[in-house]
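Novice: whatever this is, show me its structure:
(2 chains)
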Amino acid sequence: MPSTSTTANSLTVILPDGSRKQYERPVTPYDVAAEIGPGLAKAAVLAEVDGQPVDLGSPLPRQGDVRLRLLTKKDPESLAVMRHSCAHVMAQAVMRLFDGVQLAFGPTTATGFYYDFALSHPLSEDDFPRIEAEMQQIIQANERFERIEMPRGEAIQLCAELGQDFKVEHLQTGLGEEQSVSFYRQGEFIDLCRGRHIPSTGHLGTAFKLLSVAGAYWKGDSSREQLQRLYATAYFDKKELDAHISQLEEARRRDHRVLGKQLELFTINQTVGSGLILWLPKGAIIRQTLEDYLRGELRRRGYQAVFTPNIGRVELYQISGHFPYYSDSQFAPIDLGDGERYLLKPMNCPHHIMIYKSKPRSYRDLPVRLAEFGTVYRYEQSGELSGLTRVRGFTQDDAHIFCTEEQVADEFRGCLEMTQTVLAALGMNDYRVRLGFRDTQSDKYVGGKEVWDRAESALQAVCESLNLPKMSIEPGEAAFYGPKADFVVTDCIGREWQLGTVQLDYNLPSTERFALEYIGPDNQPHRPVMIHRAPLGSMERFVGVLIEHFAGAFPLWLAPEQVRVLTVSEKSEGYGREVEQRLAAADLRVAGDYRGAKLGAKVRDAQVELIPYMFVVGEKDREAGTVTVRDRIEGDLGAMPFDAAIAKLRAEIDAKTVRQVAERSAVAVADCENQHEY
RNA sequence: GCCAGCGUAGCUUCAAUUGGCAGAGCACCGCAUUCGUAAUGCGGGGGUUGUCGGUUCAACUCCGACCGCUGGCUCCA
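Specialist: Purely as a prediction, here's the structure:
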C-alpha cells in the first residue's frame, strides 16, 4: 500500500473506489457516510473496516490507514445483520408484553432468525399479532442500537442484576475465555451480543413476520430446560418477504404426505403401526420402476444380487458391535424363551458379510459387490416420524463392496459415478457432495491414523477427479468406522435432502469384528476393505422427496398412470376400449374414462390427477383410426395416427425425459438429517 | 422422548351465531343427458364429532386422561 501524507495524529480512510479522506478528529463510519452525502448516510446500515464488519456508529482508529466499505441493504452481508437486529426487537417486544422473560439465544438462520425464551406464558400463534404490533412500535420509535463493551466480570454482574440466568451461565461457561464482552442496547432493552447491528430500529421497516413457535432445549441439550423458540423472518423489501411466504406455501402444496394421499401412493395405518409404510398400487409402481432401473445399473456395474432375511440373531449384532450400543434405536429383541434372541435387522451389512464369508475368497475374486434392496427396521422416536421421510421400516438400495486396499479408489469412484448417473436420470441435477472426514482431535474412530490418512486423501483425490459439484470437506462428520461421501440434493424449490451415501469401513472387516480375509498373490491371508453405498438412500425417503420435487407430476417413465383414454361420448366407448387395450399391449400403463360425463369434466379430472397424456377418442377418431393427444403440460396436440402417438410416448419413456413446470427459487429450507448410516 | 398447537363424513375444503335438533362442497351411488379438450342437471347414501371418563336438564363446544397428527427440539449405527 502506498504511504500517504498521514501525520502522526490523523486517520486516512480509503474508500472502495480508491478515494481517500483524512481526519484529525475522531470519526465513525457514519460520519464518513454523512460527509459523502446525506443519501448514503440514510441508506448505510453497516460498515466494513479492513474486511471486518463494524457498526456504523463505532469509532474508527485515530490514526493510520483504514479501508472502509459502507454497506447498504443492497449488499448481501447486510441481510443477516438486519435480521439479527430484528431478533433483538422481537425479544424486546416479548419482554414488554410478558413478565419474567428469560433470554437465551437468538441467532439468524439461512432464511430468517429465531429467539429462544423461557417464560411462564405459553406462546402461541395467537400472540403473534400483538408481538408484531409491539415490534412495529419499537421500529417506529427508531431506537438506536448502542454497543457497550465491558469486562466479563462486570458483564456477569450486569446480567445477574437483570435476572438473566442463561446469560450469566453463558458468560461463565461458553464465554469463559473472554476478557471483554459486548452488549447491545436499544431503548430499555439490553442484551449480551457479539453484534453487529444496524444503526437503529427504524431501518427495519415493515417486511418482517413471525412464523412459528416451537420448543427447543437450552444449548441443544435434552437434559436441560426446554425453552420456547419463536421463528421469524425479515427482509429489506416487502416483495421479498411475500416471495418467501409464497415459497413456504408452495412447499406446503407439495407436501408428500398430502399428495401421497390424494394420488393414492401410500398410506400409514395406526393399527399396522407408526412409521410403517403401506405402499398403495400407484406408489408401488413408482418404487418398482425405480428398483428395476437400479437393477439394470447394478448388473451393468458388476454387482451381484443377494437376498437376506429380515431378522438375525442378536449374536450377529454383538459381533458387528451394533448391539447393545444402539439398542435404544432398535426394536426390542424377539426372545424365544430358550435363550435364543432375534433382532429385526437394523442394517444389511452383517448379513452381506456372512455371504462374503460363506467361502474362501481369492484376490482374483475381488472386488465382490453384493446388492440387495434390503428392508431394515429402526425404532425412531415417536416425535421424529414424518410421512415417508422418517419411518421405522425402510428399504435401502443397499450394496456392500469387498475389495483390496488398492481397489478402494476405483470402487469409490464407481459408487460416486453410479449415484451421479441415477440422480441425473431423475432430473435432480442440483446437489452437493459432503466429504465426512474424521475429527483428528477425537479418539472415537477405529483404524490406524495412517490408514485414515490414506483413505481420506484417496477419497479426496477421487472426488476431485470427478469434478463433483460444490464439494465440501467436513471434519468430524465421518462415521466412526471410516470416511464417507454424502449426496445432499436440492429439490426444485430449494430444499436440501441428504439422500445417497458412500462410506468406507475399516471396522467390520477387522479382527475384533468379522475378521474378513482374502488370499493374496503371496498365498497369505489379507484383510479386505468394505464400502457401504446406497445411491438413493432408502426407497421410502427417496420417493417422498421425488413426490415433492415433482409436486406429484412424475415424468412419464415413472408415472403410475401414463395415459388415460377419454371418450367424447359413450358412443365411442367401443373404440376407446380398443385403444386402451392396444396401449396396454404396448406396455403402457393406461386407464379409460368411459363415464357419461362431458369431455371437459374428464379432461379436468385427468389434469388434476396429473396424468401425463390423455388420448381423446370420439367418432371422428374412430373413423380415421386416430387418437387426439392431449399433453398435460402443452395441452391439445391434435389428432395423430395411433402408432405415431405410441411411438412418441415410447421415445419419451425410453429417454426418461424429465419435463417439469417448476419455478426455481433461491430460498433454502435446510433438512440435513441422515437416516442412511450403516 | 420433550414443548406447543390441532383432531367434525373418503377429503390438510370447511360450517354449526360461543352449552340448545351435526350441516355444506368435492368424491361416491342412481337417473336423465350423448356432448371434441379444466367442473351437465336432478336425486340418494354416508357421522357413537379421535377414545375413555367427568361437569350439566342438555356437550362438537367446558374439564381430565389417553391415542393420533402437525411444527420444532433432542436423536439418527
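Novice: from now on I want contacts and neighbour counts done on CA atoms only, so please keep to that.
Specialist: Will do.
Novice: alpha carbons of the biggest helix by length in chain A, in PDB - could you do that?
Specialist: Longest helix in chain A, counting residues (DSSP state H): helix A:76-97. Provided in PDB are the C-alpha atoms of helix A:76-97 (Å, rounded to 0.1, in the frame of the first residue of the first chain):
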ATOM      1  CA  PRO A  76     -25.800  -9.300   0.800                       C
ATOM      2  CA  GLU A  77     -24.000  -9.100   4.100                       C
ATOM      3  CA  SER A  78     -26.500  -6.600   5.400                       C
ATOM      4  CA  LEU A  79     -29.400  -9.000   5.400                       C
ATOM      5  CA  ALA A  80     -28.200 -11.300   8.300                       C
ATOM      6  CA  VAL A  81     -27.200  -8.300  10.300                       C
ATOM      7  CA  MET A  82     -30.600  -6.700   9.900                       C
ATOM      8  CA  ARG A  83     -32.300 -10.000  10.800                       C
ATOM      9  CA  HIS A  84     -30.200 -10.300  13.900                       C
ATOM     10  CA  SER A  85     -31.300  -6.700  14.900                       C
ATOM     11  CA  CYS A  86     -34.800  -7.800  14.200                       C
ATOM     12  CA  ALA A  87     -34.400 -10.700  16.600                       C
ATOM     13  CA  HIS A  88     -33.400  -8.200  19.300                       C
ATOM     14  CA  VAL A  89     -36.500  -6.100  18.600                       C
ATOM     15  CA  MET A  90     -38.700  -9.300  18.800                       C
ATOM     16  CA  ALA A  91     -37.100 -10.100  22.100                       C
ATOM     17  CA  GLN A  92     -37.800  -6.600  23.300                       C
ATOM     18  CA  ALA A  93     -41.400  -6.800  22.300                       C
ATOM     19  CA  VAL A  94     -41.800 -10.200  24.100                       C
ATOM     20  CA  MET A  95     -40.300  -8.700  27.200                       C
ATOM     21  CA  ARG A  96     -42.600  -5.700  27.100                       C
ATOM     22  CA  LEU A  97     -45.700  -8.000  26.700                       C
END
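Novice: any idea how far that helix is from the middle of the chain?
Specialist: 26 Å (CA atoms, centre = their mean, to the nearest Å).
Novice: how distant is the host helix or strand of residue A:351 from the center of its chain?
Specialist: Applying DSSP states H and E as the criterion places residue A:351 in helix A:349-356. From the chain centre to the centre of helix A:349-356 is a distance of 31 Å (CA atoms, centre = their mean).
Novice: and the longest helix of chain A, what does it pack against?
Specialist: Contact partners of helix A:76-97 among helices and strands, from 3 or more CA pairs under 8 Å, 6 or more residues apart in numbering; DSSP states H and E: strand A:113-118, helix A:128-141, strand A:226-234.
Novice: of all these, which lies closest to RNA strand B?
Specialist: Taking CA to the nearest atom of the strand as the criterion, strand A:226-234 is the member of those that comes nearest to RNA strand B, at 5.6 Å.
Novice: do any residues in the closest one lie close to RNA strand B?
Specialist: Yes. Counting by CA under 7 Å from any atom of the strand, contacts between strand A:226-234 and RNA strand B involve A:226, A:227, A:228, A:229.
Novice: mind listing the helices for the stretch 401-550 of chain A?
Specialist: Along the stretch 401-550 of chain A, the stretches classed as helices by DSSP state H, counting those that start in this stretch are A:408-425, A:449-465, A:539-549.
Novice: just the CA atoms of the second one, as PDB, please.
Specialist: Going back to what we said before, that points to helix A:449-465. Extracted in PDB, the C-alpha atoms of helix A:449-465 (Å, rounded to 0.1, in the frame of the first residue of the first chain):
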ATOM      1  CA  LYS A 449      -4.000 -43.000  11.700                       C
ATOM      2  CA  GLU A 450      -2.100 -43.900   8.600                       C
ATOM      3  CA  VAL A 451      -5.000 -45.900   7.200                       C
ATOM      4  CA  TRP A 452      -7.300 -43.000   7.700                       C
ATOM      5  CA  ASP A 453      -4.900 -40.600   6.100                       C
ATOM      6  CA  ARG A 454      -4.500 -42.800   3.100                       C
ATOM      7  CA  ALA A 455      -8.300 -43.300   2.800                       C
ATOM      8  CA  GLU A 456      -9.100 -39.600   3.200                       C
ATOM      9  CA  SER A 457      -6.600 -38.500   0.600                       C
ATOM     10  CA  ALA A 458      -7.700 -41.200  -1.800                       C
ATOM     11  CA  LEU A 459     -11.300 -40.200  -1.400                       C
ATOM     12  CA  GLN A 460     -10.500 -36.600  -1.900                       C
ATOM     13  CA  ALA A 461      -8.400 -37.300  -5.000                       C
ATOM     14  CA  VAL A 462     -11.300 -39.400  -6.500                       C
ATOM     15  CA  CYS A 463     -13.900 -36.700  -5.700                       C
ATOM     16  CA  GLU A 464     -11.700 -34.000  -7.200                       C
ATOM     17  CA  SER A 465     -11.000 -36.000 -10.300                       C
END
